[in-house]
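Q: pasting the structure only:
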Ligand SMILES: Nc1ncnc2c1ncn2[C@@H]1O[C@H](COP(=O)(O)OP(=O)(O)OP(=O)(O)O)[C@@H](O)[C@H]1O
């Protein structure tokens, strides 16, 4: 579904990604892991077209993503949540979710200005979709709550919910459980599996919580210094000497899960 082919991204003298290739099959949970600064978020920023690679190809469902702008990538079926939750804090949960539907709305200026039936129908569909998402997230009771009043864990869920509003084929989750307590982590872990099984999404996940990664992932790619150092099923990469070496100093995260 998604292919990185020899992708290199540089910032000044820094190679954030160096000749990176990997393939994400449809319908899986695929995790990108690696120490801080390994290049994981840069991968997401290339897919979202916030960054343009210096060389290489990124192909999604047979199309080269490099020819698209960020909002076009969403329309192609790729939505994302952010490492630092990016929500409108003074708006309600419902209104934040509705912003996620925006790329799907038919934008006819006349229809919007005159509030014609087509526009009203589109708005009704957006609200219906938001209720579906809230139900799936199990937070229907929070629809009218201002986001700034929510715990960080719930804000993260709303951020994921907003990505779901676009009805994506692939969802990119950047450290969805960072800063969460064990109960919230368990809830998100369950949600990630639901996104695959019930929503049919392909999930691309960046996460430092190794027990979560090892539990939910079908495949894992391990990065270090912008390069792929291992890939395979969770058990395979967990025992790979190059991976253990890269994580020296963060050994606890691996020991915990073996
Ligand atoms: N916009 C930018 N300008 C300059 N350097 C950047 C930029 N974005 C990323 N980098 C650099 O690229 C490298 C990879 O960063 P990236 O954020 O992709 O790593 P990461 O694996 O996501 O790290 P973390 O796990 O800490 O989030 C780092 O050295 C980072 O400082």
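A: Nice, thanks for sending it over. Keep in mind it's a predicted model, so treat the numbers as computed, not measured.
Q: contacting residues for residue 163?
A: Neighbour list for residue 163: 79, 80, 81, 100, 171, 172 [criterion: Cβ atoms under 8 Å, 6 or more residues apart in numbering]. To be clear about C-beta, it is placed using only N, CA and C from the backbone, and glycine gets the same treatment.
Q: and it, helix, strand or coil?
A: The three-state assignment at residue 163 reads helix, by DSSP: H, G, I helix; E, B strand; the rest coil.
Q: separation between it and residue 192?
A: Counting by Cβ to Cβ, to the nearest Å, the separation of residue 163 from residue 192 is 12 Å.
Q: so which of the contacts of residue 163 comes closest to the ligand?
A: Comparing those against the ligand with Cβ to the nearest ligand atom picks out residue 172 as the nearest, at 12.1 Å.
Q: give me the neighbour count for the closest one.
A: 24 (other Cβ atoms under 10 Å).
Q: residues in contact with it?
A: Counting by Cβ under 8 Å, 6+ apart, residue 172 has contacts 44, 47, 48, 78, 79, 80, 81, 163, 204, 206.
Q: what's the helix or strand for residue 6?
A: Following DSSP states H and E, one finds residue 6 within strand 2-11.
Q: so for that strand, mean pLDDT?
A: Per-residue pLDDT values over strand 2-11 give a mean of 96.
Q: likewise for stretch 235-254?
A: Taken as a whole, stretch 235-254 has an average pLDDT of 76.
Q: repeat for stretch 70-84
A: 87.
Q: touching that stretch from outside, list them.
A: When contacts are defined by Cβ under 8 Å, 6+ apart, stretch 70-84 is touched by residues 41, 44, 47-50, 60-61, 63, 65, 68, 100, 103-104, 156, 159-160, 162-166, 168-176, 178, 206.
Q: ChimeraX command to pick out the buried ones of the contacts of residue 172?
A: Filtering those down to the buried ones (16 or more other Cβ atoms under 10 Å) takes a single ChimeraX command:
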select :44,47,48,78,79,80,81,163,204,206
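Q: of the contacts of residue 172, closest to the ligand?
A: Closest approach to the ligand among those (Cβ to the nearest ligand atom): residue 206, at 6.5 Å.
Q: quick check, the closest one in contact with residue 33.
A: Yes. Using Cβ atoms under 8 Å, residue 206 is in contact with residue 33, at 7.5 Å.
Q: anything in contact with each of those two?
A: With Cβ under 8 Å, 6+ apart as the test, residue 206 and residue 33 both reach residue 40.
Q: residue 100 and residue 161 touch, don't they?
A: Yes. With contact defined as Cβ under 8 Å, residue 100 and residue 161 form a contacting pair (7.3 Å).
Q: out of the contacts of stretch 70-84, which are buried?
A: Neighbour counting by 16+ other Cβ under 10 Å classes 41, 44, 47-49, 60, 65, 68, 100, 103, 156, 159-160, 162-166, 168-176, 178, 206 among those as buried.
Q: from the contacts of stretch 70-84, list the ones also adjacent to the ligand.
A: Filtering the contacts of stretch 70-84 for neighbours of the ligand using Cβ under 6 Å from any ligand atom leaves residue 41.
Q: which of the contacts of stretch 70-84 fall in strands?
A: Judged by DSSP state E, those include 60, 63, 170, 171, 172, 173, 174, 206 as members of strands.
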